[in-house]
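Visitor: coords please:
(2 chains)
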Amino acid sequence: MDGIPIKTFTVGSKLLALYALASSEDSVFVVIPKSGERDTFQLVSVKLTKAAGQDLEAKELSVVLHGVGASPKSIAFGREGEYVASVKDLNLQVYFFKQKQLNRFSLSAVKTKGGNNHFTCVACHPTEDCIATGHADGKIRLWRNFYHKKEYTFSTLHWHHDTVMDLAFSIEGTSLLSGGVESVLVLWHNGSDCRKDFLPRLGSPIEYISMSSDGALCCTLHTDNRITIINSNLRFSKCIQGLIKTMDVKTGLVVDPRTKALVLNGEPGHLQFYCLQSDQQLFSLDIVQRQYIHQAGLKQTDLVKVAFSAQGKWLATVEERDEVTDPELQLKLWFYDEETQSFKLNTRINMPHEDHVTDMCFRDMDELEDDSLILVTAGRDCVFKVWVMVEDTDPEAQQSVSWNCDFVGSYHNYQATNCCFSEDGSVLAVSFEETVTVWDSVTWDLKCTFCHPPGKIRNICFGRLTCSKYLIGATDHGFLCCWNLLSCALEWSAHLNILVLQPDPLSEYIAAVSWLSKESSLFVFKPNEPRPIYIQRNLCKEKIQLAAFIPRDEPETVGSEKYLWLRRSQLFFLTDTQELMTLSTKSLEERLTPSSKQLAVEESLPVTPFSLLLGKHRCQQSQQDIDLGKRVVQNKHEQDSPAVKELLHTPAHVLPSASFLCPIFINSLLISKENKSAEVAADEVEMESEKAEDESDEERDITEMEQEDTSPMELLGEMTCKLSKSQEKELRKIRKTDYSWISAF
Amino acid sequence: MATYKAVAVPAVPRLGERITQDTVYWRGYKTPVQIKEFGAINKIDFSPVPPYNYAVTASSRIHIYGRYSQEPMKTFSRFKDAAYCATYRDDGNLLVAGSEEGSIHLFDVSGRAPLRQFDGHTKPVHVVGFLSDKYRIFSGGDDYASYLWDIPSGTDIVSYSEHTDYVRCGCASKVNADVFITGSYDHTVKLFDARTKRSVMTIEHGQPVESVLLFPSGGLLVSAGGRYVKVWDVLKGGQLLVSLKNHHKTVTCLCLTSSGQRLLSGSLDRHVKIYSTTSYKVVHSFNYATSILSLALSPEDETIVVGMTNGVLNVKHRKPEERKEKSQKKRQPAYRTYVKGRSYMPKQEDFCVSKPVKRVLRKYDKLLKSFQSSKALDAVLEPPIRLYTPEVTVAVMQELHRRGTLRSALAGRDEKQINLLLTFVARRVIEPRFTSVLVTVADMITDIYQPVVGQSAIVDRQFLKLQEAIGKEIDYQEELLEVLGMMDTLFATFTQKRATCLEENKSNGLNRGY
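Guide: Numbering: from 1, shown residues only, chains lettered A, B, ... in the order given. Next comes the predicted model:
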């Protein structure tokens, strides 16, 4: 599998599902919308012509079934492609290809507490004439005898309490797998109701189930963007996951200062640490520590706020359960344990606020001492609270700290909506609906208030570095205001409907994402000048919910002036459709080149003893082949020529100047004429056969060469590797030359 | 794939006293033995040698008690009037006591008649003691004078009359045989050196000094007077190290534990406070029935003896160390069953099959795992859980509520079970940590069983009890709210004053600025 398309067929309409059968190789089945009618779909078979060429047009469409469901799960092909079953709403259609007969079966609508009995998915038995259908009320029906319109039979299997999301038969057809919202994989033996096995707690609702063709593995695709691979004996085997998708990212995008990972809601009740560089979930921290019940309509505790201290030593989380009678609210403080390399629960505070916590922040001081660490939470109960660490005073007691409330502040009984510390931690800004209040963080005195009516404050943040005297606020009436803290006056304001306001922690730039006329736009500005330094209109069509600056490992060299603000950190956005996006400073081509460069480096990795051994073996083998006069297709594992390898592996400081090396390198890319003739190559092989192993690679390349004359396309890859013997020797000489005399200057 | 998470039973911080090592240590005393004396007990002194008898001075008698005896082993009653401050010598052979008539008596502990009598004080002598060389005695009296006596000759060596009020307490240094201190009602503590004619150091305590104490190292001095206990650094020339104000009446006596790690102070407010001598924080406190006049701790803290104003002697003995090994109730499997196969080292070619670790779940967790709500609720209503760990019962109820199955779990119960449930709810609903959950439960129960009210006398009675409990709680909360309102008013007036004060300052500053 090389991921290169062989042929492309253009059907000409939107394809919603695609089925390819082993029995009919020359055609595929697709679900396309019926022209002229909305929300009506049909299953058509597409004839794949065998004409030459890359891009073809598939024009031969024949409609198989009308009025099918749009979901790929609603159609299944029966034993050896003899029939096709389709479900929609309350109808099951079975079409027999040979007889050209269409049977329809319908259920009478039944509404129960659990839901209706609409069909949701269908699966066909691989060897028998049996169709399994899943229903919205959690039942599974096994249909038999469906050749007859009247005398058909079905049996019911019922375990799921909610919609059956997908069904799959095992390869032999002895068992049936089903999954749903419960996130339990159910294995039904022999289609009987009494014998079943479960694999519970798979993490999130199962969307699709699929069996491997040898029946050894089964995999489930979950709603949260995750694939679980399960052994056939229902043992969990592996999990493939990147960024876990959640319904609502309530925590916001937070950066873990320790790992530079993006931190946000993961599995229900968990916090995921997602590494952007490797597209991997680093780990998932269980915050709620309670059994999650996968059941629709159940109000469960969820993580709503997360904050890290500047060093990543402390983590504060707020979890909520929204219930009218008995709301639960917990503030948890986690301490990073160096020994176990994970966060350990330090303090749990029940009901830190009477109502929802709206914002939370640590006093971000880069100092190591802990006594400057303060946590501020703002709540809808009209107060903000200051939490401090208290040490256990008893010297004999175990040295431990816990968190306590130190101060409760309020302002005219308005709801506190946002809180933010200035860069040096001396001043705290808390927004109360329409007003921003500024507090001294030592005495907790109210210093001044800012207000820009009308409109409530949506976001506030302080400027950084040279702009630390400015306070930026965005109101929901579409104003962006910048106040000067020294003069306590409005410095400037702009009419912008800002949704997200995100300061870069490493520079004074602030990114603001606005939502105007159904498109998101990005504005980057410095607080000290009202003119933005970067504007990106029409960033995307979706609403951008959150943004985060991720510090780069090392400052990037940015070519254009326009992207200077992206030098230290990278900006990431999360849209309301849960798509994570970033802004790149490079053009498309530039972005692609490094990956190919990377590949080149990987190919020139030093040879391992094993590969040497293998190379030797192969060399001998090829020799034998040549002796026998056979043409063998060899494994086309590309290897660089030793010359290029040497060039790449020689330390840069001992290499001669680039101008000297350039002609050698360029020459090495040329295909030398004498190698073209097979005889010479063969001779050389024989000549060199007793030589050192490291040259065997090249020899193999040469032997490959003679076979590849037919396909010039594939040659391109090897061309770089060619370097004539003389040039190689020259290069070696250069390497051996002592350049130590240079250092004398 | 995650494993089942057991129901988390929330731990509620214990209110009130925190359990520290100190509280555990100081609680390790048996119930006190009370002995009635003839009058107020002004001094208790332990013999420094085993078997650690102690001398109790009360009224005109000195009683010697053995460690566990409730009756005095010996009595010295040769005093015409009150005796004061019977003190043992370091070797435990001699006992010295002052008296109301001004004479000082020296007794042999084994004898009966006084060995020596020192006369010189013109007023009652409230404090006497041996210097650490064993051959001299210091004394202080109500005639403001302090004397130093020579035991062999029975005469006074030197006398100091620097105090301007009664000398009521004193202490000899254990390090230097010439140094002793006296505390007086003239608010001062004076340090004397027998080699000089005048006091060496005077420390101003600020209140009439009731008791003084020197640390075994001799470097720190503790004085008690008024409500204060003050610690002074003698080596720094009497610098105040710390001032403790933990009593609300006069502190009358001081005592150190034998290790010197803890300082005890007794007061007229009926409390004995125990301080850590490193942090000078109160680590524990004892409560007594009446005002405390004297206090002593035996070596190794085996016994605490406290003397009261009403003549009751309160003796507390330390509990013997608990034996960890219980009687062999259950025979443990033999050692070899534990080690069977454990010592086998897998060879290289062996294929190891690890046995999955079996997690033990509680019964209710097992039932919750299989979604058997009603049975899970039954499981936590079993007597041991319901009675001793009600938080588990409530946690399971809350979990059921979270799962939305609490109503169905509560429904369909018979008279006996409803009675049980209601008893539990009525009893626990007023506990703040359970209130939020149990109110929901009570709500649901009344909802579900509304139609059957009146059919069973037992259930009806429980409903009434529940109503009563909630009614009481509401009244109580109302009262609390009233109190809170009053306090708010007080606080408001207080802060306003401060604010105005600040404003004044501010305006002043502004004026000056302009």
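Visitor: Would you map the helices across the stretch 351-500 of chain B?
Guide: B:363-369, B:373-380, B:383-388, B:390-403, B:406-410, B:415-428, B:432-449, B:457-513 (DSSP state H, counting those that start in this stretch).
Visitor: Output those in CSV; the columns should cover distance to residue A:353.
Guide: C-beta here means a position set from N, CA and C on the backbone, and glycine is covered the same way. CSV is the format used below for those (distance: least, Cβ to Cβ, whole Å):
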stretch, distance to residue A:353
helix B:363-369, 30
helix B:373-380, 30
helix B:383-388, 33
helix B:390-403, 20
helix B:406-410, 26
helix B:415-428, 26
helix B:432-449, 15
helix B:457-513, 19
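Visitor: Spatially, which residue comes closest to residue A:224, not counting chain neighbours?
Guide: Closest residue to residue A:224 apart from its sequence neighbours, by Cβ to Cβ, 6 or more residues apart in numbering or on different chains: residue A:204 at 4.2 Å.
Visitor: and the one you found, how many neighbours does it have?
Guide: 21 (other Cβ atoms under 10 Å in any protein chain shown).
Visitor: mind putting the helices of the stretch 351-500 of chain B in TSV, mean neighbour count and distance to residue A:379 included?
Guide: Putting the helices of the stretch 351-500 of chain B into TSV (neighbours: other Cβ atoms under 10 Å in any protein chain shown; distance: least, Cβ to Cβ, whole Å) gives the following:
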stretch	mean neighbour count	distance to residue A:379
helix B:363-369	20	32
helix B:373-380	21	33
helix B:383-388	12	36
helix B:390-403	22	23
helix B:406-410	19	28
helix B:415-428	18	29
helix B:432-449	18	18
helix B:457-513	11	20
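Visitor: can you list the ones you listed in TSV and add mean pLDDT and distance to chain A?
Guide: As requested, these are arranged in TSV below (pLDDT from 0 to 100; distance: least, Cβ to the nearest Cβ, whole Å):
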stretch	mean pLDDT	distance to chain A
helix B:363-369	91	8
helix B:373-380	92	11
helix B:383-388	89	19
helix B:390-403	91	5
helix B:406-410	91	11
helix B:415-428	91	15
helix B:432-449	90	5
helix B:457-513	77	9
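Visitor: Got the phi and psi for residue B:336?
Guide: In terms of degrees, to the nearest 10, the main-chain angles of residue B:336 are phi -70, psi -20.
Visitor: now it: how far from residue A:667?
Guide: As judged by Cβ to Cβ, to the nearest Å, residue B:336 and residue A:667 stand 79 Å apart.
Visitor: who's more crowded, the two?
Guide: Comparing residue B:336 with residue A:667 by other Cβ under 10 Å, the one with more neighbours is residue A:667, at 16 against 7.
Visitor: in the stretch 1-150 of chain A, which segments are predicted with low confidence?
Guide: A:1-2, A:112-115 (pLDDT under 70).
Visitor: could you pull out the helices for chain A?
Guide: A:588-603, A:609-628, A:642-649, A:658-669, A:673-676, A:678-688, A:696-708, A:712-719, A:725-736, A:740-743 (DSSP state H).
Visitor: Report the contact partners of the residue of the stretch 451-600 of chain A found nearest chain B.
Guide: Among all residues of the stretch 451-600 of chain A, residue A:488 sits closest to chain B, at 15.5 Å; criterion: Cβ to the nearest Cβ. By Cβ atoms under 8 Å, 6 or more residues apart in numbering or on different chains, the contact set of residue A:488 is A:448, A:450.
Visitor: give me the number of residues near the residue nearest to residue A:237 when sequence neighbours are not counted?
Guide: Excluding its sequence neighbours, the residue lying closest to residue A:237 (Cβ to Cβ, 6+ apart) is residue A:229, at 4.6 Å. Applying other Cβ under 10 Å, we find 14 residues neighbouring residue A:229.
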